[in-house]
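Participant: Quick one, structure for this:
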Amino acid sequence: MYTVIGLVTGGGVAAFFFFSWVIQMLWNSIVYGHLGLLKPLSYLQAAGLWFLVSLLFAWVGIGASSRLWRRWR
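Facilitator: Numbering: from 1, shown residues only. Below is the predicted model:
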């Protein structure tokens, strides 16, 4: 519950949508536009990619609050 409250009150939801847009712009500009390697990403695909990356880094301790880690230990 503390995680949900921290996300909503700390501007985490807005940051999630903003960084999803940034990831989409960077991917479509660099990977697709300049390198021509892969297909361009839609906004929802970029949001899903950002969600998976945030889950991955939360488990290794990057981006997770100390309050959350104390609760799990």
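Participant: Quick one: residues in contact with the one helix or strand Trp21 maps to.
Facilitator: With secondary structure defined by DSSP states H and E, Trp21 is part of helix 12-26. Outside of helix 12-26, the residues within contact range by CB atoms under 8 Å, 6 or more residues apart in numbering are Gly6, Leu7, Leu41, Ser42, Tyr43, Gln45, Ala46, Ala47, Leu49, Trp50, Phe51, Ser54. For every residue, glycine as well, the C-beta is placed using N, CA and C.
Participant: remind me, longest helix of this structure?
Facilitator: In the chain, ranked by residue count with DSSP state H as the criterion, the top helix is helix 43-59.
Participant: buried residues in that helix?
Facilitator: Residues of helix 43-59 classed as buried by neighbour count (16 or more other CB atoms under 10 Å): Ala46, Ala47, Trp50, Ser54.
Participant: what's the closest of those residues to Asn28?
Facilitator: When the buried residues of helix 43-59 are compared for distance to Asn28 (CB to CB), Ala46 comes out closest, at 8.7 Å.
Participant: pLDDT score for the nearest residue to that closest one once chain neighbours are set aside?
Facilitator: In space, Ala46 comes closest to Gln24 once its chain neighbours are excluded; the distance is 3.7 Å by CB to CB, 6 or more residues apart in numbering. At Gln24, the model reports a pLDDT of 92.
Participant: Nothing else from me, thank you.
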